[in-house]
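1. Quick one, structure for this:
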Amino acid sequence: MDSSAYDRIIKNLCLTCGIDDWPAVARSGHILLGERVVGLIHDADNTESCELSVYVQLDPVYPSQTPDMYRHLLSANLTQTQNLKGYFGLHPDTGNAVYCMRLEMDLAQQETDLSELLRDQTNTAARLLEALNFRALGG
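-> Prediction:
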């Protein structure tokens with residue numbers, strides 16, 4: 001995706017979120033939605049790509065529940081019935097649970113509010129993760 005298309009997406013997203021400094025968001029590739037850090041990544045070298053990768057930082061996976069939680073996260077990727085467009089994973093540096101989506105640029109450019117989509121997906125993923133945490137703790 002070329003950088004001007006990415007900048008346009010970020011500028012529109014920041015406008016709907018009430019964030020004035022969209023160039024800082026575009027440079028960092030991160031935006032704060034509620035209490036969640038959301039990474040917005042594009043491949044500037046691949047101008048034929050129409051994909052925006054979204055990574056939502058969720059909660060830590062605690063060592064006492066690690067094996068069960070990993071199993072539940074992987075299972076949720078296949079069996080969840082929520083209206084999620086993405087999948088769960090683990091951040092390679094922090095070990096925190098993350099929710100990932102790949103959005104086609106056309107979807108991100110639609111007049112539909114991208115911030116609404118991100119908030120909806122983030123909140124749904126966080127609720128599902130909370131239920132998985134409860135399950136991993138034996139609940």
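
2. all helices of this protein, in order?
-> 3-17, 22-28, 66-79, 105-109, 114-136 (DSSP state H).

3. Buried residues, the longest one. List them.
-> I take that to be helix 114-136. In terms of neighbour count (16 or more other Cβ atoms under 10 Å), helix 114-136 has its buried residues at 114-115, 117-119, 121-122, 124-126, 128-129, 132-133, 135-136. C-beta coordinates here come from the backbone N, C-alpha and C atoms, glycine included.

4. cool, stretch 73-83 as well?
-> 73, 76, 80.

5. Surely residue 82 and residue 128 touch.
-> Yes - the criterion here is Cβ atoms under 8 Å, and residue 82 meets it with residue 128 at 5.6 Å.

6. So, low pLDDT: which residues of the chain?
-> 62-64, 105-112, 134-139 (pLDDT under 70).

7. if you set the cut-off to 80 instead, what comes out?
-> 1, 43-50, 60-68, 80-82, 105-113, 133-139 (pLDDT under 80).

8. contacts for stretch 3-19?
-> The contact list for stretch 3-19, computed with Cβ atoms under 8 Å, 6 or more residues apart in numbering, reads 20-23, 25-26, 31, 33, 40, 42, 44, 52, 105, 108-109, 113-116, 118.

9. Check the offset of that stretch from the chain's centre.
-> On the basis of Cα atoms, centre = their mean, to the nearest Å, stretch 3-19 sits 16 Å off its chain's mean C-alpha point.

10. With just CA atoms, put that stretch into PDB.
-> C-alpha atoms of stretch 3-19 as PDB (Å, rounded to 0.1, in the frame of the first residue of the first chain):
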ATOM      1  CA  SER A   3       2.200   5.800   1.900                       C
ATOM      2  CA  SER A   4      -0.300   8.400   0.700                       C
ATOM      3  CA  ALA A   5      -3.200   5.900   0.900                       C
ATOM      4  CA  TYR A   6      -2.000   4.800   4.400                       C
ATOM      5  CA  ASP A   7      -1.800   8.500   5.500                       C
ATOM      6  CA  ARG A   8      -5.300   9.100   4.200                       C
ATOM      7  CA  ILE A   9      -6.700   6.100   6.200                       C
ATOM      8  CA  ILE A  10      -4.900   7.300   9.300                       C
ATOM      9  CA  LYS A  11      -6.000  10.900   8.900                       C
ATOM     10  CA  ASN A  12      -9.700   9.800   8.500                       C
ATOM     11  CA  LEU A  13      -9.400   7.500  11.500                       C
ATOM     12  CA  CYS A  14      -7.900  10.200  13.700                       C
ATOM     13  CA  LEU A  15     -10.500  12.600  12.600                       C
ATOM     14  CA  THR A  16     -13.300  10.300  13.700                       C
ATOM     15  CA  CYS A  17     -11.500   9.600  17.000                       C
ATOM     16  CA  GLY A  18     -10.900  13.200  17.800                       C
ATOM     17  CA  ILE A  19      -7.100  13.000  17.500                       C
END
